[in-house]
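# here you go, sequence then predicted model.
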Amino acid sequence: MTPTRHQTDSAVRRLEALGLELPPVRPSSKYDNHRRVDSSIHVAGQLPFKDDELLGQGVLGRDVDLDTGRELARHAALNALAVAAEALGDLDRVRIVQMLVFVASTPEFGLQSKVADAASDLLLDVLQENGRHARTAIGVASLPLNTPVEIQMICTAA
Amino acid sequence: MTPTRHQTDSAVRRLEALGLELPPVRPSSKYDNHRRVDSSIHVAGQLPFKDDELLGQGVLGRDVDLDTGRELARHAALNALAVAAEALGDLDRVRIVQMLVFVASTPEFGLQSKVADAASDLLLDVLQENGRHARTAIGVASLPLNTPVEIQMICTAA
Amino acid sequence: MTPTRHQTDSAVRRLEALGLELPPVRPSSKYDNHRRVDSSIHVAGQLPFKDDELLGQGVLGRDVDLDTGRELARHAALNALAVAAEALGDLDRVRIVQMLVFVASTPEFGLQSKVADAASDLLLDVLQENGRHARTAIGVASLPLNTPVEIQMICTAA
């Protein structure tokens, strides 16, 4: 019996090949993790939580280095993907439209694009064509819980 | 004669029960307070103006305390609701999709979510189910006119 | 033979009358300059590049003055218009919906709206009625490559 395409080449499999898995979505009492209008699914800002623990704190250019910032961006993007998969029922049904990457930065730090690239790579590696997205990366003064990175997305059904 | 549902349980009545009323919308010569595409109504960034006066200035974590920030977030959200009601003709027709909360913050301030919660509470108290929204809260270096809080929304017809 | 409307009163002609021309779009290997969902075209954050050179660096309120910031905002908006025109095939087919203006700012700088006005003026001068837009201007700690201004847009077909 030959395995089906879904079994051998799904987004979840590609995620596993990166040593990652889709985390559970963290609910909030004040807002929804996603809301829909027409075909757009607006995903609420996601922090780099893993197993209910925030993976880092601080500011790029001061006490968080670029590689750490990139790893945190990957995890924030992973959490956004988990919300999108929940909204659409299956990670293979997720198509990304836009990603907004917030990087807590000193006034001198100018490598926000390098941080955001790690999140973009994850989307493209896992979702391939469906992971293509418009993007804006900015450096902000600080973020909730002093997370170094926060990611907001708009996605739609593939 | 029994009062109609609209008279006893409208969004405007719930607003009044909170001691608030829908303020007039402040026009700008450079941009529109809202623009529509498909079912999405994009509400321009709103500041905590009341009666043409900005209710506060400064930065959270330095010269604006959390309670003041929360009160200003409520007023910025109220002004966004006024724009949404104008766009849709009636506050009861407003359904929120997404809210982006900008909080002028020091690099050490990490309570942007607590500030944003005050705006979220207002939306949920006044619009109930229609007030549910995806949300992103971030801390920025500074904001127009040195307002401590600015709120941008996407809404649609209920 | 009378000239057609397109020849005498096109968006490109109005751009030329301002001494500007539509620049080429800069591709990125990590993300797309625009992605579409329903009628919305999400334009990725654009920097004030001209001929592959970033026109300025620094922070408003510290080492970049207001007039320079405004000129950079015009160029960032021009690059966003170029992406929109590429997406829709013709600048006359572009209708702006929303513009988000990020201004690298000190905590004391409060003139982000004045910076953003220069971008708004460009949209209105060039696209006239189609240039009307909702807008949010914010001050951020820093931006990619230390650009003083970055502009993100949502547009649609006129």
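Right, received. Where do you want to start?
# tally of neighbours for the residue of chain A found nearest chain C?
Residue of chain A nearest chain C, by C-beta to the nearest C-beta: A:Thr136 (3.2 Å). C-beta here means a position set from N, CA and C on the backbone, and glycine is covered the same way. As a burial measure, A:Thr136 scores 26 neighbours (other C-beta atoms under 10 Å in any protein chain shown).
# please see if the host helix or strand of it touches chain B.
Per DSSP states H and E, A:Thr136 falls inside strand A:134-140. Yes: using C-beta under 8 Å from any C-beta of the partner chain, strand A:134-140 reaches chain B at A:Val140.
# name the helices or strands packed onto that strand?
Where contact means 3 or more C-beta pairs under 8 Å, 6 or more residues apart in numbering or on different chains; DSSP states H and E, strand A:134-140 is packed against strand A:94-104, helix A:112-127, strand B:134-140, strand C:40-46, strand C:94-104, strand C:134-140, strand C:149-157.
# ok, the residue in chain A that chain B sits nearest to - contacts?
Nearest residue of chain A to chain B: A:Gly45, at 3.2 Å (C-beta to the nearest C-beta). Shown in contact with A:Gly45 (C-beta atoms under 8 Å, 6 or more residues apart in numbering or on different chains): A:Phe102, A:Pro144, A:Glu150, A:Ile151, A:Gln152, B:Arg135, B:Thr136, B:Ala137, B:Ile138.
# what does chain A put close to chain B?
A:28, A:30-38, A:40, A:42-45, A:57, A:59, A:62, A:100, A:102, A:104, A:106-107, A:140-147, A:150, A:152.
# the same query, at a cut-off of 7 Å, please.
With C-beta under 7 Å from any C-beta of the partner chain as the criterion, chain A meets chain B at residues A:30-35, A:37-38, A:42-45, A:59, A:102, A:140-146, A:150, A:152.
# list buried residues within those residues.
Of the members of the residues of chain A next to chain B, the ones counted as buried by neighbours, 16 or more other C-beta atoms under 10 Å in any protein chain shown, are A:30-35, A:37-38, A:42-45, A:59, A:102, A:140-144, A:146, A:150, A:152.
# if we ignore the residues flanking it in sequence, what's nearest the spatially most central residue of chain A?
Taking C-alpha atoms, centre = their mean as the criterion, A:Ala77 is the residue nearest the geometric centre of chain A, at 1.0 Å. Once flanking residues are discounted, A:Ala77 sits nearest to A:Ala119: 3.9 Å by C-beta to C-beta, 6 or more residues apart in numbering or on different chains.
# run through chain A and note the low-pLDDT ranges.
Within chain A, the ranges that satisfy pLDDT under 70 run A:1-8.
# which strand residues bridge the residue of chain A closest to chain C?
A:Leu100 (DSSP bridges).
# where's A:Arg14, which helix or strand?
A:Arg14 belongs to helix A:11-17, assigned by DSSP H and E.
# distance from that helix to the middle of the chain?
15 Å (C-alpha atoms, centre = their mean, to the nearest Å).
# so what touches it?
Contacts to helix A:11-17, defined as C-beta atoms under 7 Å, 6 or more residues apart in numbering or on different chains, come from residues A:Glu21, A:Leu22, A:Leu91, A:Asp92, A:Asp125, A:Val126, A:Leu127.
# buried ones from the residues you listed, can you make that a PyMOL selection?
The buried residues among the contacts of helix A:11-17 can be selected in PyMOL (16+ other C-beta under 10 Å) with this line:
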select buried, chain A and resi 22+91+92+126+127
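# so which of the contacts of helix A:11-17 is the closest to C:Ile96?
Checking the contacts of helix A:11-17 against C:Ile96 with C-beta to C-beta, the nearest one is A:Leu127 at 28.8 Å.
# out of everything not next to it in sequence, what's closest to that closest one?
A:Ala11 (5.7 Å).
# give me the number of neighbouring residues for that neighbour.
Neighbours around A:Ala11, by other C-beta under 10 Å: 23.
# and A:Pro24, helix, strand or coil?
Secondary structure state of A:Pro24, per DSSP: H, G, I helix; E, B strand; the rest coil, is coil.
# hmm, who's touching the longest helix anywhere in chain A?
Looking across chain A with DSSP state H, the single longest helix is helix A:66-88. For helix A:66-88, contacts defined as C-beta under 7 Å, 6+ apart pick out A:20, A:22-23, A:25, A:33-34, A:41, A:43, A:46-50, A:55-56, A:60, A:91, A:94, A:101, A:103, A:111, A:114-116, A:118-119, A:122-123, A:126, A:148-151, A:153, A:155, A:157.
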